[in-house]
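Undergrad: kindly return the folded structure for what I paste below:
(chains A and B)
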2 protein chains.
Amino acid sequence: MSEAKHDRSFLTFSSTVRRPRLSVEQYVQGVLENNRSVLAQAITLVESNSPVHMEIAQEVLGQLLPHTGKSIRIGITGVPGAGKSTFIEAFGMMLCEKGHRVAVLAVDPSSPVTKGSILGDKTRMELLSRNPNAFIRPSAAGGTLGGVNRKTRETMLICEAAGFDVILIETVGVGQSETTVRSMVDFFLLLMLTGAGDELQGIKKGVIEIADALLINKADGENKDRALIAKGEFNRVLHYLQPATPGWETKAYMCSSLTCEGIPEIWAVIENFRERMTRSGFLQSRRQAQSLNWMQSMTADYLHAHFYSHPEVAKALPDVEGRVARGELSATSAVQQLIAIYEKSFQ
Amino acid sequence: MSEAKHDRSFLTFSSTVRRPRLSVEQYVQGVLENNRSVLAQAITLVESNSPVHMEIAQEVLGQLLPHTGKSIRIGITGVPGAGKSTFIEAFGMMLCEKGHRVAVLAVDPSSPVTKGSILGDKTRMELLSRNPNAFIRPSAAGGTLGGVNRKTRETMLICEAAGFDVILIETVGVGQSETTVRSMVDFFLLLMLTGAGDELQGIKKGVIEIADALLINKADGENKDRALIAKGEFNRVLHYLQPATPGWETKAYMCSSLTCEGIPEIWAVIENFRERMTRSGFLQSRRQAQSLNWMQSMTADYLHAHFYSHPEVAKALPDVEGRVARGELSATSAVQQLIAIYEKSFQ
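TA: Below you'll find the model as predicted:
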């Protein structure tokens, strides 16, 4: 919500920024043909904070929409040190060998610039980044209307239109990225560590409850026995929590990104999930709900920005908030005062 | 959020509703003197959906504010059948005997009318409702600006001004009442049942993670052994979850509302919590954050209502949402279209 707080530039379609080199048709055609260069440029267009680019991006996206939605969208998060990138490398390589086309995107709300983690990612996922059936794109920077969230969602759609049939969306950095990623994927995978019972201490509140599977990585060598114990413990905990997806039982699994043991098995779990949730109609209704929630959330962002960037409201706010925090003014009176200021300008 | 969706009446101070019989001063004086009749009338005033009453209510509240905040605010929720009212009766009676003054409020977002559960509550909590040191007030009905949420918060403040030093806020009915209650209390207590490992199935997602203590009720007779086992299991699960209050360890406890065993112990836990959290300054900062969040949430409600009740927006919405759900229109374009409609009326 806060990303768009003080930015209303998406409302004004100025023409001060030069138009992109390609036409809408060229973008659309290039993406549909999976032309890597055009694909990258289309994503850059979607990631642009310039209103003129955003307008063209929406035209491109509108034409690509009928070609989207055919992938399985998988969110991946993990406790610190769980080995997310080595897992994605191993998992992605296996999928490419099976004939899939894999796009790896990242959501990093803390990333201030586009350059953030790209070099790091490409270094970490060395094999995958060189595989012709894979496409790795780092997290976009924030900015206007929905920021990182919007850019990742629209990048996902563009990748789908380009024929990628497995989209992996990784959480990077701190913040609320788990919830953000959960709100745009079909299946959410939580990578865990083997070992003692204390490893869950590193995990953020509520993250277990939004996962469709817990995957204990690094279950190799001496770790294997401890992974088995951890798996039992996690399944015990999961038994007490409601599953993230109705009709699906969230369970703990094990794998090794080193030996690739357990990697085909987790893909089988995800395929089973997809098959069952498609049959029950849940997958489609989750995606519809995700689109509508996202639309409502962007609207709320806009309304928030509109209200709090109002000069008179912004001027009055610190004093009003201070009095509420000190218990001198009731919250209701405070809101009434701010609304009165806001409404005056529309009368 | 949705309560205020189509109601903007709180913005217009019409004078069609007759003024209440008491003056602002009479309300304030009566509440401070703990005059039961005036206290009840002041709460009725706060619960009124009439703009003229609401205006007076805010004046009364403004004058009472300096006398609020001196209670411990305890939220109580429970799995179905956990025996919430028998617990509150036993707990409340013990507190009254210790010299405390106890107000029992309820949050029931599903309650359409004020009459909701009052008779039920007073029958269920027969001893407590006749105790001169206790005050039981059922959940208010929804309506304008924040609805049930606002009314319960302001009723709590009025009770504090009247000298009640323990406020118990109970969740009633379905819906998001756990989160609502959590957002207005210092300590959140989750009542559980003894027995097999499956009793957590009845609990809503995320509720364990917002609790400061799990209390296994009905730990008496043959149930006692099973309660001990359940307690161990719950502590195991809690070990894997982040505590609801930083610096506090959420644990499982046992009690019997029948034999009163464990009831003084849970009060000792709460007193310990209060003492520690007051010393660390966390209690005060939690309350400040709660007030500010609540203010922001009411503002968002208002903005939401303002936007979605706009005639042209309301007219366009079903078609736009349908196209987004069917994947024919991008969410971003949809929001831009709706905003354009909305903005037009202010230009």
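Undergrad: report the buried residues of stretch A:56-75.
TA: By 16 or more other C-beta atoms under 10 Å in any protein chain shown, the buried positions in stretch A:56-75 come out as A:56-65, A:67-68, A:71-75. Bear in mind the C-beta positions are built from the backbone N, C-alpha and C, glycine included.
Undergrad: which of these come close to chain B?
TA: Restricting those to those near chain B by C-beta under 8 Å from any C-beta of the partner chain leaves A:Gln58, A:Leu61, A:Gly62, A:Leu65, A:Thr68.
Undergrad: what's the closest of the residues you listed to B:Ala252?
TA: The shortest approach to B:Ala252 among these belongs to A:Thr68, at 47.2 Å (C-beta to C-beta).
Undergrad: now stretch A:93-105 - C-alpha only, CSV.
TA: Taking Å, rounded to 0.1, in the frame of the first residue of the first chain, the C-alpha atoms of stretch A:93-105 are listed here in CSV:
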residue,chain,number,x,y,z
MET,A,93,17.3,-27.5,-14.7
MET,A,94,15.2,-30.6,-14.2
LEU,A,95,12.2,-28.9,-15.6
CYS,A,96,14.1,-27.7,-18.7
GLU,A,97,15.4,-31.2,-19.2
LYS,A,98,11.8,-32.4,-19.1
GLY,A,99,11.0,-30.0,-21.9
HIS,A,100,9.4,-27.3,-19.9
ARG,A,101,10.2,-23.6,-20.3
VAL,A,102,10.9,-21.9,-17.0
ALA,A,103,10.8,-18.2,-16.1
VAL,A,104,12.3,-17.2,-12.8
LEU,A,105,11.1,-13.9,-11.4
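Undergrad: how far does it sit from its chain's centre?
TA: Averaging C-alpha positions (C-alpha atoms, centre = their mean, to the nearest Å) puts stretch A:93-105 19 Å from its chain's average.
Undergrad: what is the mean pLDDT for that stretch?
TA: What stretch A:93-105 shows for mean pLDDT is 97.
Undergrad: what does that stretch rub up against?
TA: A:71, A:88, A:92, A:121, A:125, A:127-128, A:131, A:133-137, A:139, A:152, A:155-156, A:159, A:163-170, A:260, A:263-264, A:267 (C-beta atoms under 8 Å, 6 or more residues apart in numbering or on different chains).
Undergrad: mind listing what's buried along the one helix or strand A:Ala268 maps to?
TA: Remark: A:Ala268 resides in helix A:263-279, with elements defined by DSSP states H and E. Neighbour-count burial for helix A:263-279, counted by 16+ other C-beta under 10 Å, picks out A:Ile263, A:Ile266, A:Trp267, A:Val269, A:Ile270, A:Phe273, A:Arg274, A:Met277.
Undergrad: find the nearest non-adjacent residue to the last one, please.
TA: Counting by C-beta to C-beta, 6 or more residues apart in numbering or on different chains, A:Leu283 is the residue found nearest to A:Met277 once chain neighbours are left out, at 4.2 Å.
Undergrad: you'd agree that neighbour is in a helix?
TA: Yes - per DSSP: H, G, I helix; E, B strand; the rest coil, A:Leu283 lies within a helix segment.
Undergrad: what is the burial count for it?
TA: Number of residues near A:Leu283 (other C-beta atoms under 10 Å in any protein chain shown) recorded here: 20.
Undergrad: for it, give me its contacts.
TA: Residues in contact with A:Leu283 (C-beta under 8 Å, 6+ apart) are A:Asp186, A:Arg274, A:Met277.
Undergrad: among the contacts of stretch A:93-105, name the buried ones.
TA: Buried among those (16+ other C-beta under 10 Å): A:71, A:88, A:92, A:121, A:125, A:128, A:131, A:133-137, A:139, A:152, A:155-156, A:159, A:163-170, A:263, A:267.
Undergrad: which of those fall in strands?
TA: Counted as lying in strands by DSSP state E, out of the buried ones among the contacts of stretch A:93-105, are A:Ala134, A:Phe135, A:Ile136, A:Val166, A:Ile167, A:Leu168, A:Ile169, A:Glu170.
Undergrad: strands of the stretch 1-150 of chain A, start to end?
TA: A:72-78, A:102-107, A:134-136 (DSSP state E, counting those that start in this stretch).
Undergrad: the first one: partners in the sheet, and parallel or antiparallel?
TA: Within its sheet, and counting by DSSP bridges, strand A:72-78 is paired with strand A:166-171 (parallel), strand A:187-192 (parallel).
Undergrad: and the angle from that strand to strand A:102-107?
TA: Angle of strand A:72-78 versus strand A:102-107, following axes from the mean of the first three to the mean of the last three C-alpha atoms, to 10 degrees, is 50 degrees.
Undergrad: which pLDDT does the model give A:Pro51?
TA: A:Pro51 is assigned a predicted lDDT (pLDDT) of 84.
Undergrad: and A:Glu249, how far is that from A:Ser345?
TA: The gap separating A:Glu249 from A:Ser345 is 54 Å, by C-beta to C-beta, to the nearest Å.
Undergrad: give me the most central residue, chain A.
TA: Residue closest to the mean C-alpha point of chain A, counted by C-alpha atoms, centre = their mean, is A:Val181 at 3.1 Å.
Undergrad: now do the buried residues in the helix or strand where that one lies.
TA: Counting by DSSP H and E, the element that carries A:Val181 is helix A:177-182. Neighbour-count burial for helix A:177-182 flags A:Ser177, A:Glu178, A:Thr180, A:Val181, A:Arg182 (criterion: 16+ other C-beta under 10 Å).
Undergrad: quick one: mean pLDDT over that helix.
TA: The pLDDT scores in helix A:177-182 average 89.
Undergrad: so which residues make contact with that helix?
TA: Contacts with helix A:177-182, where a contact means C-beta under 8 Å, 6+ apart, come from A:75-77, A:107-109, A:148-149, A:152, A:169-171, A:188, A:204, A:206-207, A:210, A:244.
Undergrad: list only buried entries from those residues.
TA: Buried subset of the contacts of helix A:177-182 (neighbour count, 16+ other C-beta under 10 Å): A:75-77, A:107-109, A:148-149, A:152, A:169-171, A:188, A:206-207, A:210, A:244.
Undergrad: for chain A, where's the lowest mean pLDDT among helices and strands?
TA: Scoring the helices and strands of chain A by mean pLDDT, DSSP states H and E places helix A:118-124 at the bottom, with a mean of 56.
Undergrad: mind giving me the domain split of chain A?
TA: What the record gives for chain A is the domain set A:17-66, A:68-280, A:297-344, from automatic domain parsing.
Undergrad: rank these by pLDDT, which is bottom?
TA: In terms of average pLDDT, domain A:68-280 trails the rest of the domains of chain A, at a mean of 86.
Undergrad: which of the ones in strands among the buried ones among the contacts of stretch A:93-105 lies closest to A:Arg21?
TA: Of all those, A:Arg21 sits closest to A:Phe135, with 21.2 Å by C-beta to C-beta.
Undergrad: identify the bridge partners of the nearest residue to that closest one once chain neighbours are set aside.
TA: Using C-beta to C-beta, 6+ apart and skipping the chain neighbours, the partner closest in space to A:Phe135 is A:Ala103 (4.6 Å). When bridges are called by DSSP bridges, A:Ala103 pairs up with A:Phe135, A:Ile167.
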